[in-house]
Structures are given as structure tokens and as C-alpha cells.
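Colleague: Fold the stuff below for me.
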Amino acid sequence: MDYTFLLGSIENVLGKSHKRARDNYAFHCPFCNHRKPKLEISMITNDEGKNFWECWVCKTRGQSIYSLVKQLKLPKNEAQEILKFVKKGKKYEYKNDDVVELPKEFKKLTSASSTSIIANKIKKYLHERGLTENDFIKYNVGYTTTGEYGGRIIIPSYSSSNRLNYFIGRTYENSYFKYKNPKSSKDIVFFENLINWNQPIILCEGAFDAMSIKRNAIPLFGKKISNTLMKKIIESNVKKIYLALDDDALVDAFKHAETFLSYGKKVYLIEMEGKDPNELGFENFTKLLHKATKLTTSTLMKKRLALS
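Modeller: Numbers count the residues shown, from 1 in each chain. Below you'll find the predicted structure:
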């Protein structure tokens with residue numbers, strides 16, 4: 001089967017390819033930025049419309065060219081230029097579902113009336129969690145009283161170009177479901193517009209943790225580091241990385257540390273003493289930050305053995 005045009009259109013995005021076995025071609029992976037071409041893509045589309053692809057380093061994978069262009073977050077014109085050469089199977093209309101918009105009911109907390117009972121209730125709650133009026137401004141904190149996200153504090157995140165890339169909705173009432181977030185991809189850098197990539201960064205789990213740290217902190221929304229964030233860190237001028245993950249995430253923290261060390265970064269582990277940064281508060285967290293353990297290949301091995 002002639003896949004010359006499909007291969008050419010992918011090369012226009014990923015760069016020069018390297019022929020592998022069975023009509024597979026390898027490219028430099030944009031997800032982990034490994035120095036060798038480890039992203040392997042099958043150019044043969046089967047009757048179900050599948051072209052299997054996988055990076056043999058970061059294990060990012062998929063079963064179709066469509067899933068590849070979605071993960072690459074290509075502009076529609078570039079995506080369609082590739083998809084039109086997929087010969088068999090389902091025809092896809094490319095849609096970028098990752099366009100995020102704040103709820104139409106969103107109100108900025110700093111613009112609320114001083115007599116607003118709800119706004120004052122929210123401010124009291126946030127003050128108790130260690131946040132200040134300056135934080136409300138810095139993070140553009142808002143809230144909603146009605147609609148899909150009604151009864152929630154809204155904390156937006158913006159990209160480096162100041163475009164909304166995500167938000168979290170945290171209830172300020174006694175609700176069983178504390179968080180309600182958009183269904184768009186979390187493969188982003190949260191608070192990216194606020195990050196200085198020439199300074200040390202702190203990786204933590206939640207948005208409230210990052211806001212409480214009041215430094216160059218990035219929330220992961222869990223234990224894993226997204227492909228986009230990993231690539232950004234590796235390619236950046238950041239020399240020191242501090243890991244401030246919960247105690248139950250140490251296995252993941254050590255995996256992240258190993259990756260960063262392999263790229264020549266200096267990595268430090270903050271011993272969290274059973275609490276997260278928001279629970280600790282700014283002053284107590286700062287004390288632990290100053291006592292952070294520098295990780296090396298040797299100390300990493302010892303800590304892994306201590307966990308087993």
C-alpha cells in the first residue's frame with residue numbers, strides 16, 4: 001500500500017523519520033523528548049482504521065492516527081492534512097475538545113460586593129486554608145452560585161500565552177462530591193503563566209497545595225506527571241526540582257526523580273510528615289523545604305529499599 005503522503009504529512013509535524021520493520025517508522029518523541037527516535041508509528045491502516053503507535057521510552061501509545069493527532073493537540077488544519085491520507089476505516093472529523101471556557105456564571109471573588117454573604121463565606125473558607133486577598137487576585141479566584149458548577153469555588157489555570165487551559169471547581173458547601181472539573185485533558189501545565197522556568201520548581205499534588213506554597217509550584221492533580229509537563233521541565237532551564245508529594249506517592253516520586261536525574265536535573269525530596277502543603281501551611285512547609293533531601297542515584301536506591 002502506498003502511504004507516501006501519510007508519511008510525508010506526519011514528517012511535516014514530527015520531523016525526519018527512520019524506517020523500521022513491517023512498514024513502521026520511528027520519530028523523535030514529542031512527549032518525552034528522548035534524544036533517539038523512539039516513537040514508532042505503523043503506516044499501514046487496517047480495516048478497523050487502526051494504525052498502532054507507541055513511544056518505547058515514555059510508553060505513550062495509541063491505536064489510530066486520529067488518537068496521535070489528538071494527543072499532539074495539533075491545529076485543525078494540520079490535523080486534517082494528516083487524517084485525509086488515512087486510507088481505510090472510519091473517517092474522522094477532527095475536533096479540539098480541549099477548548100476550555102469558564103462557567104458563564106463565574107464571578108470574580110475580588111469583584112464581589114463586601115456585603116455578599118456567599119462571597120464572604122468563601123473568603124472565610126479560603127482564609128482558613130491559608131490564602132490571602134493577594135492570592136485571590138494572583139490566581140483569578142472566582143465562584144458560581146448557579147449552573148452546572150453552582151456552589152463551587154472556581155480556580156482557573158492559564159497557559160504561558162494567558163489562555164485558559166483548565167479550572168477546578170471546589171464546593172464551598174458540605175457536599176459529598178468536593179470537586180467538579182471540566183472533562184478536557186489534564187495534559188497541561190497548571191498555572192503555567194505564573195511559572196518561572198529559570199528558577200527552582202516545586203511539584204505538588206493539588207491546586208490548593210500550590211497556592212499555599214506561594215512559590216514556583218505546579219500541581220499534578222495526583223501522583224503522575226503529564227507528558228506536556230515532563231517535556232516542559234526537561235527542556236527548560238530549571239536546574240532544581242523539589243518533590244512535595246504525599247507519603248503514599250513516594251514510589252511515583254522516586255520514578256520522577258530517576259527521570260529528572262537522567263536529564264542532569266538536581267532533585268530534592270521534601271519529607272511531608274504525613275500532611276500535604278496546604279495542611280502544613282506556609283511557615284511549616286517552608287521549614288520542611290529547607291530540610292529537603294538531595295536525591296542522587298545512590299540515595300534514591302537506599303530510599304527505595306527502605307520502602308520495600
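Colleague: Strands along the stretch 1-150 of the chain, start to end?
Modeller: Secondary structure of the stretch 1-150 of the chain (DSSP state E, counting those that start in this stretch): strands at 18-19, 24-27, 39-42, 53-55, 61-62, 107-108, 142-144.
Colleague: Quick check: which of these is nearest to Ala217?
Modeller: strand 142-144 (20.4 Å; C-beta to C-beta). (Each C-beta comes from the backbone N, C-alpha and C, glycine too.)
Colleague: still on that earlier bit, if you compare the strands of the stretch 1-150 of the chain, which one is most tucked away?
Modeller: strand 142-144 (a mean of 24; mean count of other C-beta atoms under 10 Å).
Colleague: Residues touching that strand, excluding its own?
Modeller: 102-103, 105-109, 112, 118-119, 122, 150-154, 156, 169, 172 (C-beta atoms under 8 Å, 6 or more residues apart in numbering).
Colleague: List buried residues within those.
Modeller: In those, burial by neighbour count holds for 103, 105-107, 109, 112, 119, 122, 151-154, 156, 169, 172, counting by 16 or more other C-beta atoms under 10 Å.
Colleague: ok so, going back, Throw the strands of the stretch 1-150 of the chain into CSV and include mean pLDDT and distance to Tyr242, thanks.
Modeller: Conversion of the strands of the stretch 1-150 of the chain to CSV gives the following (pLDDT from 0 to 100; distance: least, C-beta to C-beta, whole Å):
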stretch, mean pLDDT, distance to Tyr242
strand 18-19, 91, 37
strand 24-27, 93, 33
strand 39-42, 93, 30
strand 53-55, 93, 27
strand 61-62, 90, 30
strand 107-108, 96, 31
strand 142-144, 96, 29
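Colleague: Would you format those as JSON lines with distance to Ala292 included?
Modeller: Below are the strands of the stretch 1-150 of the chain laid out as JSON lines (distance: least, C-beta to C-beta, whole Å):
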{"stretch": "strand 18-19", "distance to Ala292": "41"}
{"stretch": "strand 24-27", "distance to Ala292": "37"}
{"stretch": "strand 39-42", "distance to Ala292": "34"}
{"stretch": "strand 53-55", "distance to Ala292": "31"}
{"stretch": "strand 61-62", "distance to Ala292": "34"}
{"stretch": "strand 107-108", "distance to Ala292": "35"}
{"stretch": "strand 142-144", "distance to Ala292": "34"}
